[in-house]
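# next input, structure requested:
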Amino acid sequence: MMRSASARRAAVALLALAALAGCAARSAYRQGLQEGRRGNWDVAVARLTRAFDSDPENISYRIALENARSQASRMHHVEARKRLAADDLAGAVDALEIAAKYDPGNKSASDDLAIVRAKLREREAAKQQLAEFEAARQRARSQLPVPVLSPRSPVPISINFSDQSLEKVFETIGKLAGVNVLFDEQFRDKKVGVRLSGVTFQEALDQICLVNRLFYKVLDQNSIIVVPESPAKRRSYDEVLVQTFYLQNAEANEAVNVIKQIAGVTKAQVTPALGAITVVATPDKMAAIERVLAAHDKARGEVMVKVEILEVNRNNLKRYGLSLSNYEASVTLSPTGAEGELASGFTNARAHLLSSLNLADFVVSIPSTLLAQFLQTDSTVRILASPQLRAAEGKKTALKIGTEVPVPVTTFTATAVGNSTFSPATSFQYRNVGINLELEPKVNAAGEIFLGMTAEFSLLGEDRNVGTAAAPLVVPTFLTRNVTGTLRLKDGETSLIGGLLSQREADSFRGALGLRNVPLLNKLLGANSKTQDETEILISITPHLVRAPKVTEDDLRAFSFGTEEVARVPGARPLFGPELEPTADAAAPVATAPAPAPVPTPSPTPETRRRPGARPRPTPTAATGGPPAPQAAQSVRLAPASLTARRDQALEVNLLLAAPAEVTAVEVVVRYDPERLTGFEAVAGSLLTLDGAAVGAERTEEPGRLRVRFVRPRAATGAGALVALRARAAAAGATAVAVESVVVTGPGGEQKLAVPAPATIEVQE
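Sure, this is the predicted structure:
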């Protein structure tokens, strides 16, 4: 008995659950149909899927679900086409994938998905190729095809000679640096006095050669030759390089004219198809050409211009006064009133009737209606166009809104040779009547936009006969208004051009003869009509900057180009090659040789690991036998340590390297308050950019924290600013810029420096 009761309760529970499931399925089905009628097919598919999963045997649920999937697939297919029109390939791929999943039978969506994926792969490949091109260009810059000396210690040296042989001076500094010094056959020795202190081997060599009208050339990794300065010797000894520059933005023909004028090269060939310039020049001139082309090869400015054109037509009509239905009265003779009696303004009557004519034989016609008019109409019509035009710098973009009107053009040709008879031939040219707008943008380095504008507004006027009575020729006339000028605007600034008015007034009167000249009565008893038409054109132009020439601090900074006689760019001819292994550095040696004195012989030190083929490197020592001093430890600091700025004021803090060193890379991690400092950025300091070498940058940024790494193709020697930290004060209060870590890389490897004290900033209102 208990078992049967338990079974009944279980059965009742199952029936209740089934009923609830059925109700939930029907509710989901109804919701799915409602969402489908609203066009929300994604939600409809979700609801109908729930209903179908609850009752898979229901045919209505299955049919509704398949229909919703098909409609959702079409909806996403349409969305994908819109994204394709907007050049959003990634969004189009997402929409097409959804469309294909909803309806696998939608072959059109599947085919479009394959095509768009191929386009997206091509675009990514092009981006990757461009990135590889930039990396290859950076690597090529660091590999000059000129001989360099094997790496030597860059420590300063000091020499003091009085009335000593110039040849002996060169040999002495060569021995101090471990370099063989050779002399040209036309070198002439003489007695000189030389006093130099705290200079490198290259600086000593440059200064002595400059004073004595000499120059030197690296022959191999261990030897240089000293040559008398003259144009003939320069042509004999200077290397000549051939390099091809591939321009990304600048016009090749314009760029080659620039480098010919600036660098004075005569051998330069342009390949317009590749946008390439092949130049033959010395290393110094080639370095100058590279700097000049980098400054000129900037992306062209590009502007998105939003144009709003408003045409306002105002029509005003007034009609007032008393008016008769007809201002004519007539008397007609009609004796019989028979049909056909009146014809062409005459009465056809028999002559015997004339003797019995009286007033009854005349018909009088007079106005039968008197109208009182009080009509006034006032209408305004606005035609608004709001297109967006995208234009590149120096390229015109045009907008035409209107109607093409045919205009006849007649030409006359002789019917035969020597014949004075001409045969006319008429053709038609189409003219756009409406709005014609041409814009030509120009973007300067500061981001200001110059818009050259030509606007034409035309209306179709009345037709005019320019022919004769025998051969009429009716042609249209046009009312045209033109505006030409140049606008100077900032990004997002709107300029409104108005006042292009066209007015037409008409005044008419209908009434009894002579009534118009009677005051007051002409207003009351006459039919007056006044019409006033006024058309005004308003133009609103708002440019938005899409791309502007990116002018960096290196582009603004001047660089040394030697003298008028000899071109020389710092860093174009590196004297020493890169250091392959770390070596021990020594202090600045002093070689003192009072005249006459023997040339000091450097004492060798234990050999260090060096490049294969390089001879043992001597350590510079003082002639007096003084021991070398240890190199000072490196340290950095932030300068200024504290500063005060006002809101929205730009500020800069430099990370300075205290002692001279060789630097090839710098990595800095900085923390700041993003609420008080906005636009925070880090750029390469003067120490890294002083010689004009290209500096690569790598940045990783998150709110309040910035990591930046700068890499040079060759070492920069000296002390000064490693990194310049720039920001704009945003909110009043005290804040600080703190350096978390500083890692400097040189020929001896990486060195982690001590963290400097933070720089405090007080922002005032």
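
# quick one: residues contacting residue 251.
The contact partners of residue 251, taken as CB atoms under 8 Å, 6 or more residues apart in numbering, number zero. Where you see a C-beta, it was placed from the backbone N, CA and C, and this is true even at glycine.

# quick one: it and residue 281, what's the gap?
Applying CB to CB, to the nearest Å, the value for residue 251 to residue 281 is 21 Å.

# before we move on, what about residue 76?
With distances taken as CB to CB, residue 76 is found 58 Å from residue 281.

# residue 576 - how many residues pack around it?
Residue 576 is flanked by 22 other residues according to other CB atoms under 10 Å.

# swap that for residue 70, please
Neighbours around residue 70, by other CB under 10 Å: 16.

# my reading is that it lies in a helix. Confirm?
Yes. Residue 70: assigned to a helix according to DSSP: H, G, I helix; E, B strand; the rest coil.

# can you tell me how far the closest residue to it other than its chain neighbours is from residue 42?
Distances taken as CB to CB, 6 or more residues apart in numbering place residue 103 nearest to residue 70, at 5.2 Å, with adjacent residues excluded. The gap separating residue 103 from residue 42 is 13 Å, by CB to CB.

# what is in contact with the two at once?
Residues touching both residue 103 and residue 42 by CB under 8 Å, 6+ apart: residue 72.

# more neighbours, the two?
Just comparing residue 103 and residue 42: by other CB under 10 Å the higher neighbour count belongs to residue 103, 19 against 13.

# list the residues that contact that one.
Taking CB under 8 Å, 6+ apart as the criterion, residue 103 is in contact with 69, 70, 72, 73, 74, 109.

# again, only this time at 7 Å
By CB atoms under 7 Å, 6 or more residues apart in numbering, residue 103 lies in contact with 69, 70, 73.

# state the pLDDT value of it.
Here, the pLDDT recorded for residue 103 equals 80.

# and if you look at the one 3 residues further on?
Taken from the predicted model, the pLDDT recorded for residue 106 is 75.

# what of residue 579?
pLDDT at residue 579 comes out at 55.

# tabulate the contacts of residue 103 (JSON lines), appending distance to residue 400 and pLDDT.
Below are these laid out as JSON lines (distance: CB to CB, whole Å; pLDDT from 0 to 100):
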{"residue": "69", "distance to residue 400": "44", "pLDDT": "81"}
{"residue": "70", "distance to residue 400": "41", "pLDDT": "82"}
{"residue": "73", "distance to residue 400": "39", "pLDDT": "83"}
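
# make TSV from the residues you listed and add distance to residue 471 to it.
Shown next, in TSV, are these (distance: CB to CB, whole Å):
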residue	distance to residue 471
69	71
70	66
73	65
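
# between these, which is nearest residue 566?
residue 73 (73.7 Å; CB to CB).

# which other helices and strands does the strand or helix carrying that closest one contact?
For residue 73, the host element (DSSP states H and E) is helix 59-85. Where contact means 3 or more CB pairs under 7 Å, 6 or more residues apart in numbering; DSSP states H and E, helix 59-85 is packed against helix 2-38, helix 41-54, helix 89-102, helix 107-141.

# which stretch in those helices has the least confidence?
Mean pLDDT per stretch puts helix 2-38 lowest among the helices and strands packed on helix 59-85, at a mean of 65.

# for the stretch 551-700 of the chain, which segments count as helices?
With helices called from DSSP state H, counting those that start in this stretch, the stretch 551-700 of the chain shows them at 553-556, 686-689.

# quick one: closest of those helices to residue 265.
Of all those, helix 553-556 sits nearest to residue 265, with 20.8 Å by CB to CB.

# burial count for residue 468?
Neighbours of residue 468 (other CB under 10 Å): 8.

# what does it show for phi and psi?
phi -110, psi 170 (degrees, to the nearest 10).

# returning to that earlier point: most packed of the helices of the stretch 551-700 of the chain?
Compared across the helices of the stretch 551-700 of the chain, helix 686-689 shows the largest average neighbour count, a mean of 21 (mean count of other CB atoms under 10 Å).

# what residues does that helix touch?
Helix 686-689 has contacts (CB under 7 Å, 6+ apart) with 554, 657, 663, 695, 710, 712, 716, 718, 720, 721, 722.

# just name the closest of those to residue 26, please.
Using CB to CB, residue 710 comes nearest to residue 26 of the contacts of helix 686-689, at 68.3 Å.
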